[in-house]
Each structure stands twice: as C-alpha cells, then as structure tokens.
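Peer 1: Please find the sequence and the predicted model below.
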Number of protein chains: 8
Amino acid sequence: MSDRTWNVYLSGEIHSDWRQRIEAGTREAGLPVVFSAPVTDHAASDDAGVGTLGDEPVPFWRDQMGAGVNAIRTQTLIRAADVVVVRFGDKYRQWNAAFDAGCAAALGKPIVTLHDADLDHALKEVDRAAQATARTAEQVVDVLRYAISGRLP
Amino acid sequence: MSDRTWNVYLSGEIHSDWRQRIEAGTREAGLPVVFSAPVTDHAASDDAGVGTLGDEPVPFWRDQMGAGVNAIRTQTLIRAADVVVVRFGDKYRQWNAAFDAGCAAALGKPIVTLHDADLDHALKEVDRAAQATARTAEQVVDVLRYAISGRLP
Amino acid sequence: MSDRTWNVYLSGEIHSDWRQRIEAGTREAGLPVVFSAPVTDHAASDDAGVGTLGDEPVPFWRDQMGAGVNAIRTQTLIRAADVVVVRFGDKYRQWNAAFDAGCAAALGKPIVTLHDADLDHALKEVDRAAQATARTAEQVVDVLRYAISGRLP
Amino acid sequence: MSDRTWNVYLSGEIHSDWRQRIEAGTREAGLPVVFSAPVTDHAASDDAGVGTLGDEPVPFWRDQMGAGVNAIRTQTLIRAADVVVVRFGDKYRQWNAAFDAGCAAALGKPIVTLHDADLDHALKEVDRAAQATARTAEQVVDVLRYAISGRLP
Amino acid sequence: MSDRTWNVYLSGEIHSDWRQRIEAGTREAGLPVVFSAPVTDHAASDDAGVGTLGDEPVPFWRDQMGAGVNAIRTQTLIRAADVVVVRFGDKYRQWNAAFDAGCAAALGKPIVTLHDADLDHALKEVDRAAQATARTAEQVVDVLRYAISGRLP
Amino acid sequence: MSDRTWNVYLSGEIHSDWRQRIEAGTREAGLPVVFSAPVTDHAASDDAGVGTLGDEPVPFWRDQMGAGVNAIRTQTLIRAADVVVVRFGDKYRQWNAAFDAGCAAALGKPIVTLHDADLDHALKEVDRAAQATARTAEQVVDVLRYAISGRLP
Amino acid sequence: MSDRTWNVYLSGEIHSDWRQRIEAGTREAGLPVVFSAPVTDHAASDDAGVGTLGDEPVPFWRDQMGAGVNAIRTQTLIRAADVVVVRFGDKYRQWNAAFDAGCAAALGKPIVTLHDADLDHALKEVDRAAQATARTAEQVVDVLRYAISGRLP
Amino acid sequence: MSDRTWNVYLSGEIHSDWRQRIEAGTREAGLPVVFSAPVTDHAASDDAGVGTLGDEPVPFWRDQMGAGVNAIRTQTLIRAADVVVVRFGDKYRQWNAAFDAGCAAALGKPIVTLHDADLDHALKEVDRAAQATARTAEQVVDVLRYAISGRLP
C-alpha cells in the first residue's frame, strides 16, 4: 500500500498555536505529512512588499505590494496541496482565509475548516464547501490520521 | 463591433442598496449587462434549506442544508459570469463574499471589489486578486461602462 | 436581473413518474428551466446499439454497443447542464445514476439527489457530493424554484 | 526505458480479498506499482466522521460527516492515481464504487472494472467507460503487467 | 424537454458523399442538428495558405501555411462541437482524420467512427476511443436520431 | 451546414486603421463575424483607471489602475473569442499585444499575426505560436473568409 | 540550473529501430531523458486483450479488447510525457500514431514528428501541430539535446 | 514545515548577467530553488532549427524552425515552473518575454517582472498581471527568499 507523503496547507489565523498543535499531533501519530502555510509572522507579512521591493508611503499600494508578494507563496503552496485546512479565530475578519477556501474549492481540493461553534452561522458557506468542520486542532489531526492511514483515534 | 451581453455577478453585502444603484446606473448608461446575485432576502436565504427540504432542529445542519441550496444558485451564476463584483460593508463578517472572490479568482474571472478605505488592510489579499477596487457603486458603473463600451464618464 | 434559462439534467430511475412531476411543478412555478434526461424508454435504451448499428448476439458486446450510443446523449447533456438531479429508486442497482453523479461532481456541477431515507446509508458518498438531498419530486421543484428565483414555497 | 512507478487506486467492494490478490500478483510479477484504496475496515469507515469530529445522533448527518472525512482520502488518492480499478461484488449496492468510476472517467483516468458476468447488464454504462473489464483479480494483474511492462502472461 | 440544437462535426474523407447523406438523413428525421466540417474542396484546401497569405514555392512550407489556415477552421469547429463523426475511406492515409479523433478524445467529445470492416484492425485504437462505430451514413443518422430524440429507426 | 457567428478579437496596434479595414473587408465578404477589441482610444485607455476609480498621482500606480480596468475588458473578450488576430506595427513596443498572444496560445485559441517582414525575426516566437502570419489586413480578411466559408479570394 | 529529467514518449512505427537509435543517441549525449512507448512487440500488442482478459472469437471485439488494454498504457504515458515524438514509416496506415499526435496537441504537449519527405503532404496537419519535423532519428536526438541542454551538435 | 524545492523560470533578456545574479543570490541565501531558462546563447538560439533539422535559406522559415525547437524547451519549462520571472532590458523588443508572461498568466503561474522604471508605462499590462515588479536582481532574490522561507532581508 502507498506510503505517499501528503501535502497539507494550513490557512488562516496566525495569532494562536493551532499550526504547532496539528504538526505536533501528526508527528506523534507518525503520519507522512508535509505542512505548508502562509508567512505567519504578522509584521513580516505586512512588510512583504516594502521589505523586498522598496518603500511605498501610501497604505493601499503598500498593501497591494505586500499582498502580491505573499500571493506568490500562498498561491503556489495551495496549488501544490492535497488538503487545505482553514482556521478561523474569534479576532480579525480573516477574509484571506475565506478567500483561500474559495480558491481551494474551485480547484477541487478537499477542505477542513477549524473554528468554534459560535462562528458556524457566519461560516456556513465555507463549511458547506468543506469536507469536514473541526472544533479543535486535535480533531484535525484525527481527520488527517484517518484520511492518511485509515486509523481512528 | 460586438454588442455582446455581459453577465455580471454581484456578490456580498445584502443590507444596503448597492446592487440597485449599480443596476440603475448601468441602465441609464444603456449598457448591455445582465446582472445576477445570491438571494438577497436574508430570512429566505437562511431558510433556503429547511424551507425546501424539510425541518432541521440543529443549527449547524440547518446551515449546511441552507448553504447547500444557496450554493446551487451561487456556484452556477458565478461560473456563468464574465465579471464578479464583490461588495464588503462595515457589518457582519461576510466570509461568503471573500469565498466567492476566491472561487472567481481561481476560475480566472475578473473581479471588482467595492468597499470603504477603512477595510483596505483587512481586504488586501482580495483586492490584490481583483482588477479594480471601487469605493462607490457609481465607480463600479464607471468601470463597467468603460470595460463594455470604452467610454469614460 | 437575469432571466437566464437553466439547464437541468434528470438522471436515474426510469420506472416512476418523478421526471413528469418535476417538470409539471416547475412549469406551474413558471421557472425558466429546460430539462434533459437519458432515454427513459427501457426497451429502446437497451436496444440503442443493436437498433442503430446492427445486430450483435453476445450480450456483453450488445451492452457495450448500447451503452456507447447512450453515452453520446448522456455525456453531452450532462456537460451542458447547470444542475444534475439524480434519482435513486428502490429497484435495480442504478449504477449508471451513481456514475452520472460521479461525472457531475468531477465536472463541478451542483447535484441534487432524490431518494427515500432507507437508501441514505448506501448513498452517503453520493449525498455528500450533492448540494441537496430531497425526498420528493416536489422538494426538488422547491429547490429549483429557490435556486432560480429566490422564492421559497 | 522508463521505470516509472504506477499509482493504482483500488475502488469498491471491501468484503473479499481481491485487493490482496492483486497486490500479491503484482508483487510476484515484480511490477513497480503503488496501490491506494479507500479505508476497507467497514466499521472504521462508517465511524470516520463521529470517530474524529465528535458524536452525532442522527444517522443522515452521521453519514454526511463520515462520507466527508472519507472523501478527503478517496478524492485525493483518485486524483493522484494513474489507473483506477473498480470492483463490484454480488452484495450491497456499492454506489460509491460507481460514483468513483464516474469521477475517474470525467478526470480522464483509465478504468478497469472487475466483476462477474451476471452484473454485466447492470454495469454496462460503467464497463463502457472502462478500458477493460476483468472477471478475476488475476486478470487485473495480467492487465497491469501488460500495461506496465508489455509482458503477456 | 430540451429542444437544444446539437453541433456535429464531420471529419475525414472528402471524396465521397457521406456528409450529404448524413445531412439529408437528419433533415428527413427532423433533427435539430447543425453540421460543420473542414473545407471539403480538395484544391481549395491545399491552397488555403498560398491562396490567402501569398505564394510559397517550397512544398513543405506551402503545406505548413495551408495546414495552419485550415486549422483555424477545424480547431474552432471541433472545440465547438458536441459530437465528432470521423469517416475513413479506402483511399489516402487520412492522418488528419485520426488526428482530429485524437483531439476530440482528449477534449472529452463523444466520437462516432464511420468505416468499412476491412479497416477495423488498422483503426482499432480510434474505434476504441469512439462511442460508436458505424458502417454506413444511414447508421450515423440512426445514432444521431437516437442520441438526440431517443427514437430508434 | 453551420451559419455560426465567429468571434474574432483584434489585439495590438491602435494607431492605424487595420481594424477598420478588416471589418470592412469581412462585411463586404458577407462573413458572420463579430469583432471585439481593446479600447483603441489611446488617451481613454491610459485614463481607464483614474477616469473611473479616482485620481492617482504616482505614474506606476496610475498605470496599475488603468491596466486593471482594461484587463476586465480584454481578458473577458479574449476568453470569449474563437480567433485572436494580433497586429504589430513599427512604433511602440506593444508588449501588451505579445502578452495577449501568449494568453491566447495558452488558452488554445487560434492566432493570426499581422506585421511587416522586417519584424519577422523579433516576432519569431509569436509567429510560431500563430496559425498564420499575414502582411496586410486584406490577407487577414482572406484567411477569415476561408476559415469561415471555405472560399478563397 | 535545472537538471530535471525529461519524459519523452515515442509514438508510432514499431517495425524499425528508430527508438533504439534515439535512445542510444541521447545516452551518448548524456541527456537526462526517460523514454516511454507503446508496447512495440506487434504480436503481443495485438493480443493485449485476449491475452489478459480471455478469448474472443470476433475480430472487431478482439481489437476493442486489445486497444482498451493498450490505451491504459499509452494514455497514461502520453499524459505523463513532456514531449511526444511521433514516427511515421512508409508501411501501414499508422492511424494510432496520428491519433496520439491529436491527443498530445489537445493536451498542449510539444510534438516532434519523424518521417520522410514523401509523407509531407499527407502529414501536413500533424506536422503543423508539431514544434519540429525531423527526417532522421539523429535529428530527433539533436532536437532533444538542444531543448534539454541548449547545446547544438 | 515543507522543504519543497521551488522551480523558477527566468524568462527574457539574454544580454546581461541578471540570471547569474539571481542564482548567486538565492544560493547565498540557501534557498531550495531550481532555476530554468530559455537557451541564453543568442547565436545558438537563432540556429536552434537549422542546427538540428537541416539548413533553410529563407529567413522566415528559418525562424519558424528555430522558434519551434526553442518552444519545446520553453513551453515545457514554463509549464513545470512554480514562478516565472520576466526580465525586460532596454534593448530589443523582447516580444517573446511578453509572450511568455501571457502564457504564464493564462496558466495561473505567479509572475515577477524585472525592469527599470522607464519601461513602466509600456509594460503596464504585463506588470498588472504580475504579483511583483522588481527593479534589481537583488529584489527578485528578496522576493523569492520571502516567498520561500518567509524571511525579509
């Protein structure tokens, strides 16, 4: 049977340790997964454009530059992913996470959403396009373990 | 020269009159545009599942049913659109609008975003994937008039 | 707003009047829908190959000929459809209906399944790939009415 | 000449040893094949949703959860496959096997069906979309040996 | 039920009246079909390049020019077709017909081949990629009648 | 036989009357062609962004805004075209024309280039991706007449 | 700089040593190429169906079986190829080679044709869809050496 | 986290050392990048056709032959690339660079343009389709470092 390596992209919230918990959990479970993600250092991400291409005083264009450079990373990694996990936290609007989910859905990638129940109604369109909605990082690990190895917790 | 009819999908905010203003503006301008949109009656949209497929007491599943039925409409119309306009207002999280934008981008559809400047930073990824960012419905009309007829205001 | 005509393909069971009921219901509702379907005359469908291309005594090849000629129709109509409705009845194995659903899913077409609850477990993979699961032809009409016109029953 | 590794997905029946026989046969034949498959532990497969994402008392939703989690696996592996073998046994309705075949066909993947002659008529649409119909696991090995190495038995 | 117009491309042999017979037959049958075809005037087809773009004395380049101009027509019409009928006669090598069939197959278009039995072995790969193999123009009409209207002769 | 309307996109040079000559020629020839093109009013095209979305003092961003709005038009029309004609004149660098040709080639659209022989070497990659290279607008008309109606001049 | 391995599929004539000559030439040139090809043992290829799936007395169906099993190999390898070389000899009609070229063209794969000048006119459509037409196996090696390493002979 | 190797195609100007500077910079930065490029030896590139396929006295056809052979390389490598960097210098018209950018855009590949500010207006359509516009090779390295490793200079 296949021992393929799975590519999993971890999109969304960058202010909690959910990525670390998923990575630790899959490592413990011995799963052949390679994770990728957007740049999760908020300040670096905001400076992605002006830090590489030169200064820009106008906030809108500064953001356009930064979002363009970030997109080189995120679009490449999402297209290379087998599965896209999208995390929504209780802060910020995280429209980029929903945008990533839309891209993933249109590209036919399986999606796992990760968020608390109080966001359910607001996220119903995204959850409907997902194959699974998890409440905890541990549940995402359980889903990946099952999808990859067929083992339940 | 072509007198093709353009299909424009109007995604996003359902609590202000931006769609009516764009439609009125393009009608005044005599542009050959057919608009489509999600169901904009909030209550009907929330009841799309239980109102057609039968009752469901659990909110999460009720939302799954509703989002599924709505997706039959929205996915069909987005795929049939030439241009997708996505409006973000100052209320609600509107993750479905960002999700639509992600779908449109992955499908190679031109996108016009419509929102106030105070949302610029939060929407930078979506704006970067768009061909234009407008501040008013009238600007969207101006963009459509130019794209379709080549005339500036 | 758009008055586009929707193409809806009705796949599956050919021994009950579900297609007629859906067509009658949408006509009453005044919906701009054009329906298409496989050939629903069972005997004609079985003879599609030998009735057009010449006799064939071996059942396997007779079926290959027939299925090929039927596929000219079904593959063309499914690819031209906006929405695919798939009906599973209580008789026969209807693997072709599930096959059509798989094609539709891979092509990104919204799917509505139509079957009784006692088939739920056996059809769980197909239902999961669908946007809606209906129990009656009337519910399918309700789903189409909502998806097309935004009106609930 | 190429010594590429072939990815073969084995879809369908989970209550007989056909997968083991194909794997043993290709191993004996020294073929460079990596096999993948759905989770074949029936109980685990049925619990894929509730076993990872939390309990759900309603059978329909329990199945939706389970089918979603299983789809993460199956959709990823089918898309990564070079060839899809689909086995139909004499028990159960196996609509998921026919659904997989429909996906594979729409994605342009070569298909090999494996079933007894008494299912021929019911499976005629699926067989027609396949490149080969085998009666025994050994024949599937023979087909793979030929397709991969050019050797006949 | 749908009264869609079917686009059928008639590829291959240009030295017999098979196209006229198919067109006459479908007209008699009252089928909503629009036919398209390569330019069937052999001399014009050979001069497609030099007759439009200027003289060219070297035969190879003269053919490149002609084949390019012909491809503007054939590639456009094949991509716009629902069904591709490919006729092989007993003269000439007709590699362009087989090439068209390869294009059609890769684009997922249903194919009907039309040729005598003595070409069966040489055409086995093309016939295998086709949904039907007919011996006479009348059989092609019968196949189209069935596929479009569900009626057998 | 088909009387389909052909969509032809006329990309490139905006400072000579080549589009008018092609349109006049096809009209005289009675060809069923609908033409589309970028906005050919140079000043309007340069102001496409600031004229619709508001002023922008920095030339680079002014150009980004303008190119974005123009792309809504050009990308939509190129994707809707059957054939793309690309004209290179002796002035300006016309990188956008070559860019359009690259898009058209990747989308599988037939291309006709139109330019003088002294540009041949510089345009060799674009000409190689084209189905025909014409020297005069009249030759483009001849190519279209042949491709559409099968008639040589 | 990249040391990627190139996948080159060698389609067509199976009765001369052109494949061996190309392989020997690229080995001598030290090029990182992996070749693939259809089964070139004529008898085995004709028996691909009956030799694996069981006997079949009718020649047409025997060919259908064989062509299906061969297609598992050829379709997989063509889709995995970077470049497709298609050889036409002076014997047989080799419609499968032209069919392969059509598939490759529709899939956007670069094609190199290999044949004598006396076949030029008959092969003009295939040559036009190719990036290069070679007369000898050595020229194909030269083309591959240049395309892969940038070195001319 | 992923240590994937990134494939970056370096399109455009062949008369300055920008490729060497980008390669040196990424090597110093320790980035896992494999670069690919067109053949940058101008004389070899011009002789790609006649140097491999035999002499051709007419310049137009000589260029067609050369551009075809070069396209085998460039089309393969662009399709295999994650990111396409396109350099425009102050000499030559470099329509092939703009053509490559058009291909890359239509294929959904992230693009980085590299050119001086005095070309901004002429390149506005290409820059708009790019995710970043750099002025120096060092800035391209900075963009790649960020996109691949998340580190700013």
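Peer 2: Alright, I've got the coordinates.
Peer 1: Up against chain F, what does chain A have?
Peer 2: Within chain A, the residues that sit near chain F (CB under 8 Å from any CB of the partner chain) are A:58, A:61, A:64. (Glycine included, C-beta is placed from N, CA and C.)
Peer 1: Helix, strand, or coil at the second one?
Peer 2: I take that to be A:Trp61. helix (DSSP: H, G, I helix; E, B strand; the rest coil).
Peer 1: Likewise for the last one?
Peer 2: For A:Gln64, the secondary-structure state derived from three-state DSSP is helix.
Peer 1: Can you give me the pLDDT of the residue of chain A most remote from its centre?
Peer 2: The centre of chain A is farthest from one residue, A:Pro57, which by CA atoms, centre = their mean lies 30.0 Å away. Looking at A:Pro57, its pLDDT stands at 97.
Peer 1: and if you look at A:Asp116?
Peer 2: 97.
Peer 1: residue ranges of the strands in chain A, please?
Peer 2: Assigned by DSSP state E, the strands in chain A fall at A:6-12, A:33-36, A:83-87, A:111-114, A:132-134.
Peer 1: Dump those strands into JSON lines; add mean neighbour count and distance to chain B as well.
Peer 2: Shown next, in JSON lines, are the strands of chain A (neighbours: other CB atoms under 10 Å in any protein chain shown; distance: least, CB to the nearest CB, whole Å):
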{"stretch": "strand A:6-12", "mean neighbour count": "24", "distance to chain B": "10"}
{"stretch": "strand A:33-36", "mean neighbour count": "20", "distance to chain B": "17"}
{"stretch": "strand A:83-87", "mean neighbour count": "26", "distance to chain B": "10"}
{"stretch": "strand A:111-114", "mean neighbour count": "26", "distance to chain B": "10"}
{"stretch": "strand A:132-134", "mean neighbour count": "25", "distance to chain B": "8"}
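Peer 1: Out of the residues of chain A next to chain F, who's the most crowded?
Peer 2: Ranked by neighbour count (other CB atoms under 10 Å in any protein chain shown), the residues of chain A next to chain F have A:Gln64 at the top, with 20 neighbours.
Peer 1: wait, isn't that residue in contact with B:Ala130?
Peer 2: No: judged on CB atoms under 8 Å, A:Gln64 makes no contact with B:Ala130 at a distance of 10.0 Å.
Peer 1: For chain A, list the residues in contact with chain H, please.
Peer 2: A:7, A:23, A:34-37, A:39-41, A:44, A:47-49, A:51-54, A:65, A:68-73, A:75-77, A:79-80.
Peer 1: Make a ChimeraX selection of the buried ones in the residues you listed.
Peer 2: Typed into ChimeraX, the line below selects the buried ones among these, using 16 or more other CB atoms under 10 Å in any protein chain shown:
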select /A:7,23,34,35,36,37,39,44,47,48,49,51,52,53,65,68,69,70,71,72,73,75,76,77,79
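Peer 1: Just the ones in helices from the residues of chain A next to chain H, please.
Peer 2: A:23, A:44, A:51-53, A:65, A:68-73, A:75-77, A:79-80 (DSSP state H).
Peer 1: Quick check: which of the residues you listed are also close to chain B?
Peer 2: Among those, chain B is touched by A:68, A:70-71 when using CB under 8 Å from any CB.
Peer 1: Which single one of those is nearest to chain H?
Peer 2: A:Gly68 (4.2 Å; CB to the nearest CB).
Peer 1: confidence score at the closest one?
Peer 2: So A:Gly68 comes in at 98 (pLDDT).
Peer 1: Correct me if wrong: it contacts B:Arg128.
Peer 2: Yes: the criterion here is CB under 8 Å, and A:Gly68 meets it with B:Arg128 at 5.5 Å.
Peer 1: got any ranges where chain A has weak pLDDT?
Peer 2: Within chain A, the segments meeting pLDDT under 70 span A:1-2.
Peer 1: switch the cut-off to 80
Peer 2: A:1-3 (pLDDT under 80).
Peer 1: For chain F, see how far away the residue nearest to A:Ala122 when sequence neighbours are not counted is.
Peer 2: With sequence-adjacent residues excluded and distances taken as CB to CB, 6 or more residues apart in numbering or on different chains, A:Ala122 is closest to B:Arg93, at 4.8 Å. Distance of B:Arg93 to chain F, given as CB to the nearest CB, to the nearest Å: 26 Å.
Peer 1: repeat for A:Val141
Peer 2: Using CB to the nearest CB, A:Val141 is found at 40 Å from chain F.
Peer 1: now do A:Ala105
Peer 2: 21 Å.
Peer 1: residue contacts, that residue?
Peer 2: A:111, A:129, B:99, B:102-103, B:106 (CB atoms under 8 Å, 6 or more residues apart in numbering or on different chains).
Peer 1: Please produce JSON lines containing these, extended by distance to chain E.
Peer 2: Converted to JSON lines, the contacts of A:Ala105 look like this (distance: CB to the nearest CB, whole Å):
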{"residue": "A:Ile111", "distance to chain E": "26"}
{"residue": "A:Ala129", "distance to chain E": "25"}
{"residue": "B:Phe99", "distance to chain E": "28"}
{"residue": "B:Gly102", "distance to chain E": "26"}
{"residue": "B:Cys103", "distance to chain E": "23"}
{"residue": "B:Ala106", "distance to chain E": "21"}
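Peer 1: What's the nearest residue in chain A when you look at chain F?
Peer 2: For chain A, CB to the nearest CB, closest residue to chain F: A:Trp61, 5.4 Å.
Peer 1: Which residue is the nearest non-sequential neighbour of that residue?
Peer 2: F:Trp61 (5.4 Å).
Peer 1: Quick check: the gap between the closest residue to A:Ala71 other than its chain neighbours and H:Trp18.
Peer 2: Spatial nearest neighbour of A:Ala71, excluding adjacent residues (CB to CB, 6+ apart): H:Gln131 at 5.1 Å. Per CB to CB, to the nearest Å, H:Gln131 is found 18 Å from H:Trp18.
Peer 1: neighbour-wise, which of these two wins?
Peer 2: H:Gln131 (24 against 19).
Peer 1: so that one sits right up against A:Gly66, yeah?
Peer 2: No: using CB under 8 Å, H:Gln131 is not in contact with A:Gly66; the gap is 10.8 Å.
Peer 1: Tell me how many other residues crowd the residue in chain A that chain C sits nearest to.
Peer 2: Residue nearest to chain C within chain A (CB to the nearest CB): A:Gly108, separated by 7.4 Å. Using other CB under 10 Å, A:Gly108 is surrounded by 13 other residues.
Peer 1: for A:Thr136, same thing?
Peer 2: A:Thr136 has 16 nearby residues by other CB under 10 Å.
Peer 1: Contacts only, for it.
Peer 2: Contacts of A:Thr136 (CB under 8 Å, 6+ apart): A:Leu114.
Peer 1: Please apply the same query to A:Ile148.
Peer 2: A:6, A:31-33, D:73.
Peer 1: Next: A:Tyr92.
Peer 2: A:13, A:15, B:122.
Peer 1: is it possible to export those to JSON lines including neighbour count?
Peer 2: Converted to JSON lines, these look like this (neighbours: other CB atoms under 10 Å in any protein chain shown):
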{"residue": "A:Glu13", "neighbour count": "20"}
{"residue": "A:His15", "neighbour count": "11"}
{"residue": "B:Ala122", "neighbour count": "18"}
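Peer 1: ok, of those, which one's closest to H:Ala117?
Peer 2: Nearest to H:Ala117 among those, counting by CB to CB, is B:Ala122 at 30.4 Å.
Peer 1: Grab the nearest non-local neighbour of whichever residue of chain A sits closest to chain B.
Peer 2: At 2.2 Å from chain B, A:Gly102 is the closest residue in chain A, using CB to the nearest CB. Leaving aside its sequence neighbours, A:Gly102 sits nearest to B:Gly102 (CB to CB, 6+ apart; 2.2 Å).
Peer 1: Thanks again, I'm all set now.
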